[in-house]
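Kindly generate the corresponding structure for this input.
(4 chains)
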There are 4 protein chains.
Amino acid sequence: MDYSGYLYLSEFKVRDYECDLQGVVNNANYQHFLEHARHEFLVSKGISFQELHEQGLDLIVTNIEIDYKFPLKSRDSFIVTVNVERKGYIRIIFLQEIYRVPDNKLIIKAKVTTAAARNGKPVYPAELLKQLGLE
Amino acid sequence: MDYSGYLYLSEFKVRDYECDLQGVVNNANYQHFLEHARHEFLVSKGISFQELHEQGLDLIVTNIEIDYKFPLKSRDSFIVTVNVERKGYIRIIFLQEIYRVPDNKLIIKAKVTTAAARNGKPVYPAELLKQLGLE
Amino acid sequence: MDYSGYLYLSEFKVRDYECDLQGVVNNANYQHFLEHARHEFLVSKGISFQELHEQGLDLIVTNIEIDYKFPLKSRDSFIVTVNVERKGYIRIIFLQEIYRVPDNKLIIKAKVTTAAARNGKPVYPAELLKQLGLE
Amino acid sequence: MDYSGYLYLSEFKVRDYECDLQGVVNNANYQHFLEHARHEFLVSKGISFQELHEQGLDLIVTNIEIDYKFPLKSRDSFIVTVNVERKGYIRIIFLQEIYRVPDNKLIIKAKVTTAAARNGKPVYPAELLKQLGLE
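Next comes the predicted model:
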């Protein structure tokens, strides 16, 4: 498979404690994987999520849509992809997919809408958009 | 607020370990709350999620859409609502909201689409639909 | 069973997502239950864990010992007990047990040693000891 | 630092969702890391935790002791070590440490006592002991 259309890729392996009674990864954990890949992507652009927070700026998830295509099982390896686009004045949208490796089976597709907020109030994230090449 | 339009209500209180670096409940944990309320609702209808699984029948989440309106903080009390409707032949949709109490502030709105599967294959969940009054 | 020898009791019910591949509550989750009961106990004494942290004072776990006697399963109800004692100058020890209800089966016994720290440095927690009646 | 005295090493990086209100990794998550490293170690010896469970054999944690020396923070890299010894007829003890890298600061020391059980009853794990070189 050609992963060149993605801005960022993060590799993981399922840990047993992430699986539930049904013997597969619990649905909520995919949000953790998506979040971690986004934060890794931001770090790769010189943006630390924790530092932003300490400066009073948070990138807040306002909406998430996830299509669950196929479950991951114990010890599966997988790749989380990250693409990013801007929507309107203050929204940044992350388009993410999860593929099992090495067979590249599509596991989930997700669209994560975020908005920048300073001390809880929406702000225009000028610096952030610049670092993400989204001005 | 009038909660009489909901089929089921489940009450929770935020536990500190559910909060993250940003000082609010981590986004993934809302899926846990939504899932727990659905399972409680099913139990109230005489349906055990674990027993279903042991019989080879799983109610699988195929899509989730969540609007995050306002964050929950440490020790907030909240109510998770459950409504349910049928879509097509095999899909069961859960419409869920989370309200902080006692001020009834809307925290999230979610639409969770599920499909019944026996040993991984889609099936018509006749018994389940009957127990849910969705025939 | 007589719970009158305990300073504080907190009631829980197992949520399905807390169970793992083995069909029982994952070991790490018991630490969550123990922590939540301790924080509830502190709140009952007028002490907020989050407020303490915002004031720069943390009650840090320095050692934990847990005997796992019997596992909890999906939907089990249980009680987490809290007793507390002082050790030396700065340590506060929490003695905690978990009992399944209503049959009072002992699930785990735990000893949690904590120390107060201000900005990472050990301090004598005068106010805290007073609020806990441990002066 | 010389890691040659350890049977197995597993490398991790802290993910933001593993941190809590205090800005450090939540205590319960260290148990997840220890567990994952043990399971990886078992796999390296040809032992699958999930397969064992499906055959009715579980390696159950009966006691855990953890010394928390220093907290991990967001994005810290760390190594979890595994050593193993036998105790009596049926117990297998895992001695584990966590070191931050690259500065090799000791984060925690843990002793995890396990016992083999078949369908909930203690058994002599002949095959397992052989695979672990503990006969």
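
which strands and helices sit next to the lowest-mean-pLDDT helix or strand in chain A?
Every helix and strand in chain A was compared by mean pLDDT, DSSP states H and E; the lowest is helix A:49-54, with a mean of 80. Under the contact criterion of 3 or more CB pairs under 8 Å, 6 or more residues apart in numbering or on different chains; DSSP states H and E, helix A:49-54 touches helix A:27-44, strand A:57-68. Backbone N, C-alpha and C define where each C-beta goes, glycine included.

most tightly surrounded among these?
Counting by mean count of other CB atoms under 10 Å in any protein chain shown, helix A:27-44 has the highest mean neighbour count of these, with a mean of 22.

Could you give the average pLDDT over that helix?
Helix A:27-44 carries an average pLDDT of 96.

Pull the distance from it to the chain's centre.
Once both centres are worked out by CA atoms, centre = their mean, to the nearest Å, helix A:27-44 turns out to sit 4 Å from its chain's centre.

who's A:Ala110 bridged to?
A:Ile66, A:Gln96 (DSSP bridges).

tell me, how many neighbours does it end up with?
Number of residues near A:Ala110 (other CB atoms under 10 Å in any protein chain shown) recorded here: 21.

Repeat that for A:Glu97.
A:Glu97: 19 surrounding residues under other CB under 10 Å.

Please see if stretch A:77-95 touches chain B.
No: counting by CB under 8 Å from any CB of the partner chain, chain B is not contacted by stretch A:77-95; separation bottoms out at 12.5 Å.

distance between the ends of that stretch?
20 Å (CA to CA, to the nearest Å).

quick one: that stretch near chain D?
No: if you take CB under 8 Å from any CB as the test, stretch A:77-95 misses chain D, and the best it gets is 11.7 Å.

how about the residues of chain A near chain B?
With CB under 8 Å from any CB as the criterion, chain A meets chain B at residues A:21-22, A:27-29, A:31-32, A:35, A:49-50, A:53, A:58, A:60-68, A:71.

quick one on the thing from earlier: please identify which of the helices and strands packed on helix A:49-54 is closest to B:Phe78.
With CB to CB, the closest approach to B:Phe78 among the helices and strands packed on helix A:49-54 belongs to helix A:27-44: 16.6 Å.

mind checking pLDDT for the nearest residue to A:Val25 once chain neighbours are set aside?
The shortest distance from A:Val25 to any non-neighbouring residue, by CB to CB, 6 or more residues apart in numbering or on different chains, is to A:Leu72 (4.4 Å). On pLDDT, A:Leu72 comes in at 97.

Can you give me the neighbour number for A:Leu72?
Neighbour count for A:Leu72, taken as other CB under 10 Å: 23.

measure A:Val61 to A:Gln96 for me?
Separation of A:Val61 from A:Gln96 (CB to CB, to the nearest Å) stands at 12 Å.

Common neighbours of the two, please.
A:Val112 (CB atoms under 8 Å, 6 or more residues apart in numbering or on different chains).

I figured the residue nearest to A:Val25 hits A:Phe78, correct?
Yes: shown here, A:Leu72 and A:Phe78 form a contact pair, counting by CB atoms under 8 Å, at 6.0 Å.

overlap in contacts of the two?
Shared contacts of A:Leu72 and A:Phe78, defined by CB under 8 Å, 6+ apart, are found at A:Val14, A:Ile98, A:Arg100, A:Ile107.

Report the contact partners of the last one.
Looking back up the chat, that one is A:Ile107. Contacts for A:Ile107 (CB under 8 Å, 6+ apart) come out as A:Tyr30, A:Tyr68, A:Lys69, A:Phe70, A:Pro71, A:Leu72, A:Phe78, A:Glu97, A:Ile98, A:Tyr99, A:Arg100.

which one of the shared contacts of A:Leu72 and A:Phe78 sits closest to chain D?
Relative to chain D, the closest of those is A:Val14; by CB to the nearest CB it sits at 9.9 Å.

Looks like the closest one contacts A:Asn26 (just checking).
No: using CB under 8 Å, A:Val14 makes no contact with A:Asn26, being 10.7 Å away.

Could you tell me how many residues sit around A:Tyr89?
Number of residues near A:Tyr89 (other CB under 10 Å) recorded here: 9.

In a helix, it, correct?
No: the assignment for A:Tyr89, made by DSSP: H, G, I helix; E, B strand; the rest coil, is coil rather than a helix.

That one is in contact with A:Ala126, isn't it?
No: if you go by CB under 8 Å, A:Tyr89 and A:Ala126 don't touch, sitting 10.9 Å apart.

follow-up on the earlier one: tell me which of the helices and strands packed on helix A:49-54 sits nearest to D:Ala115.
The nearest among the helices and strands packed on helix A:49-54, by CB to CB, is helix A:27-44 at 28.4 Å.

How about A:Tyr6, nearest residue that isn't a chain neighbour?
A:Thr81 is the one closest to A:Tyr6 (CB to CB, 6+ apart), at 4.2 Å.

Low-confidence stretches in chain A?
Within chain A, no stretch has pLDDT under 70.

The residue nearest to A:Val25: what's it in contact with?
By CB under 8 Å, 6+ apart, the contact list for A:Leu72 reads A:Val14, A:Val24, A:Val25, A:Phe78, A:Ile98, A:Arg100, A:Ile107.

Just want to check the distance between the fifth one and B:Ala117.
Put plainly, it is A:Ile98. A:Ile98 sits 19 Å away from B:Ala117, going by CB to CB.

more crowded one of those two?
Per other CB under 10 Å, whichever of A:Ile98 and B:Ala117 has more neighbours is A:Ile98, with 26 against 17.

Which helix or strand contains the more buried one?
Assigned by DSSP states H and E, A:Ile98 belongs to strand A:91-101.
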